[in-house]
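>>> Test case, fold it:
(one chain, ligands or ions: 2)
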Amino acid sequence: MSIGFQLQARDGAARRGVVETAHGRVDTPAFMPVGTAATVKAMRPQDVAATGAQMVLGNTYHLMLRPGAETVAELGGLHRFMAWPGPILTDSGGYQVMSLAKLRKIDERGVRFRSHIDGSKHELTPEGAVEIQDLLDADIAMQLDECPAAGRPRDEVADSMQLSLRWAERCRAAFRERAGYGLFAIVQGGMHDDLRRESAHALTGMDFPGYAVGGLAVGEGQAEMFRVLDVTVPELPEAKPRYLMGVGRPLDIVGAVERGIDLFDCVLPTRSGRTAQAFTHGGAVNIRNARHRRDPRPLDPACGCGVCSTFSRAYLHHLIRAGEMLGPMLLTEHNVFFYQTLMHRLRDAIAAGALADEAARIRAEQAAGDI
Ligand SMILES: CNc1nc2c(CC[C@H]3O[C@@H](OC)[C@H](O)[C@@H]3OC)c3nc(N)[nH]c(=O)c3cc2[nH]1
Ligand SMILES: [Zn+2]
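Numbers count the residues shown, from 1 in each chain. Ligands and ions are numbered 1, 2, ... in the order given. Here you go, the predicted structure:
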């Protein structure tokens, strides 16, 4: 089997399961810290593992530009290169090209662009994206797709979704099948129910080991995102993992788990950690705020992480105000740990058939907070 998926329990549409890859197992629902350029920013891999994270993300676009996929392959692949022995999922780069690269041109072949780093010319085709992810040795690779910006007219979204379907076929044909490795398809179709169903049916017909819901978390808002999930997820096979790309805030994740999503990634816990925003069981906290200046209490008394058991809010406030490197490092570690605690609570609740109560508790906790 390429990628294994064991369904262990259900609670409504929510599932408790295990994804099995060449480099280990992932308990789902799972949150995957983003490690775009072969690093979960500001964290050492052993500290990422200590948070409970089992799978991290890399990114084709960034790694093909720097240091280059061949270089990573020469050095033993991404697991050895970044000293992360567990499962790795890489995105195909389509989304990043459209959001980061300059002078990009997209057509049937693929996407041509100039590097945002040095302006050099590059091309990413479905076959090329699969080859790069193979060189990186990603356990789970993503098809090359086009993620349409929110608000584009329906006919453009339809054409884009069809292009992504043709690219899915080409990626599947180019993918080197190996036990423990898998290529996931990405459902597109914007906010249009019929386009979403058409994309999901066509991709399901191609029989992928897992399915991502793409084209969301692009500014559509939570209600619209949930509405699209209500339409899309039921069209996907029960026996395969579902991955919602780029999501999200804690309550986005709770709602998506309730709708049957198994895998998540988002830059929020790491990026917020670098901008003094902390997630806590009492809602979000901006540690730069003057009110923390002399507060001897931990950031989050209900958190079991090494940061909350060692440092005071006053100290974290001081580090951030002083621009000390340790500030972003500690806040990032706490935030990633917070997200892993959230997923642990959701997994346990599903296994116990108690997701509704736990989700209500989490919603009440997050309603507090000072931002
Ligand atoms: C934030 N919202 C959002 N992100 C999205 C990403 C990037 C995630 C990727 O972006 C990197 O983080 C910046 C992570 O490395 C992640 O890799 C899987 C998407 N990627 C693809 N291929 N297709 C989509 O439709 C898509 C939609 C998204 N919506
Ligand atoms: Zn903590």
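>>> And the contacts of the helix or strand hosting Val257?
According to DSSP states H and E, Val257 maps onto helix 250-258. Residues outside helix 250-258 that contact it (C-beta atoms under 8 Å, 6 or more residues apart in numbering) are 12-14, 29, 31, 217, 222, 225-226, 229, 244, 247-248, 264, 279, 339, 342-343, 346, 350, 355, 359, 362-363, 366. In this view, the C-beta of every residue, glycine as well, is placed from N, C-alpha and C.
>>> Contacts only, for the residue in the stretch 151-300 of the chain that ligand 2 sits nearest to.
Nearest residue of the stretch 151-300 of the chain to ligand 2: Asp300, at 5.0 Å (C-beta to the ion). Shown in contact with Asp300 (C-beta under 8 Å, 6+ apart): 278, 280-282, 285, 308, 334, 338.
>>> Equivalent analysis for Val187, please.
Val187 neighbours (C-beta under 8 Å, 6+ apart): 196, 199-200, 203, 211-215, 232, 236.
>>> let's see it at 10 Å
By C-beta atoms under 10 Å, 6 or more residues apart in numbering, the contact list for Val187 reads 145, 161, 164-165, 168, 195-204, 211-216, 228, 232-233, 235-236, 242, 245.
>>> Just the buried ones from those residues, in PyMOL syntax?
Of those, the buried ones can be selected in PyMOL as follows, counting by 16 or more other C-beta atoms under 10 Å:
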select buried, resi 145+161+164+165+168+195+196+197+198+199+200+202+203+204+211+212+213+214+215+216+228+232+233+235+236+242+245
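>>> Okay, buried residues for stretch 117-134 please.
122, 124-134.
>>> tell me which element the most centrally placed residue in the chain falls in.
In the chain, the centroid-proximal residue (C-alpha atoms, centre = their mean) is Asp265; its distance is 1.6 Å. Using DSSP H and E, Asp265 sits within strand 263-266.
>>> quick one: the residue of the chain most remote from its centre from Ala368, how far?
When distances to the mean C-alpha position of the chain are computed (C-alpha atoms, centre = their mean), the maximum falls on Arg294, with 35.8 Å. Relative to Ala368, Arg294 is positioned 21 Å away (criterion: C-beta to C-beta, to the nearest Å).
>>> coming back round to it: closest to ligand 2 among the buried residues of stretch 117-134?
Scanning these for proximity to ligand 2, where the rule is C-beta to the ion, the winner is Gln133, at 33.3 Å.
>>> Now do the helices in the chain.
Taking DSSP state H, the helices of the chain run over residues 45-50, 60-65, 69-74, 78-81, 94-100, 126-136, 154-174, 193-205, 222-232, 250-258, 268-274, 313-321, 326-351, 355-367.
>>> Please list the residues of the stretch 201-350 of the chain that sit near ligand 2.
Within reach of ligand 2 by C-beta under 5 Å from the ion, the stretch 201-350 of the chain has these residues: 300, 303, 305, 307-308, 334.
>>> 8 Å - rerun?
Neighbours of ligand 2 within the stretch 201-350 of the chain, by C-beta under 8 Å from the ion: 280, 298-300, 303-309, 333-334, 337-338.
>>> Now the two most distant members of those residues.
Thr280 and Gly306 (15.3 Å; C-beta to C-beta).
>>> where are the low-confidence patches of the chain?
Along the chain, the model assigns pLDDT under 70 to residues 1, 369-371.
>>> follow-up on the earlier one: who touches the residue nearest to the centre of the chain in this structure?
Asp265 touches 30-35, 55-57, 89, 91, 212, 217, 243-248, counting by C-beta under 10 Å, 6+ apart.
>>> if we go to 8 Å?
Asp265 is in contact with 31-34, 57, 89, 243, 245-247, counting by C-beta under 8 Å, 6+ apart.
>>> circling back: just the closest of the contacts of Asp300 to Phe184, please.
Phe338 (26.4 Å).
>>> how close does the residue nearest to the closest one when sequence neighbours are not counted get to Gln340?
Counting by C-beta to C-beta, 6 or more residues apart in numbering, Phe338 lies nearest to Phe279, which is 4.5 Å off, once chain neighbours are set aside. To Gln340, Phe279 is 11 Å away according to C-beta to C-beta.
>>> Among the two, which residue is more densely surrounded?
Comparing Phe279 with Gln340 by other C-beta atoms under 10 Å, the one with more neighbours is Phe279, at 28 against 21.
>>> Run through the bridge partners of the more buried one.
Ala284 (DSSP bridges).
>>> Wait, it touches Ser272, no?
Yes: contact status for Phe279 versus Ser272: in contact at 7.2 Å, counting by C-beta atoms under 8 Å.
>>> And for the residue of the stretch 51-200 of the chain found nearest ligand 2, the neighbour number?
Here the stretch 51-200 of the chain gets closest to ligand 2 at one residue, Thr51, 9.5 Å apart by C-beta to the ion. Using other C-beta under 10 Å, the number of residues around Thr51 comes to 24.
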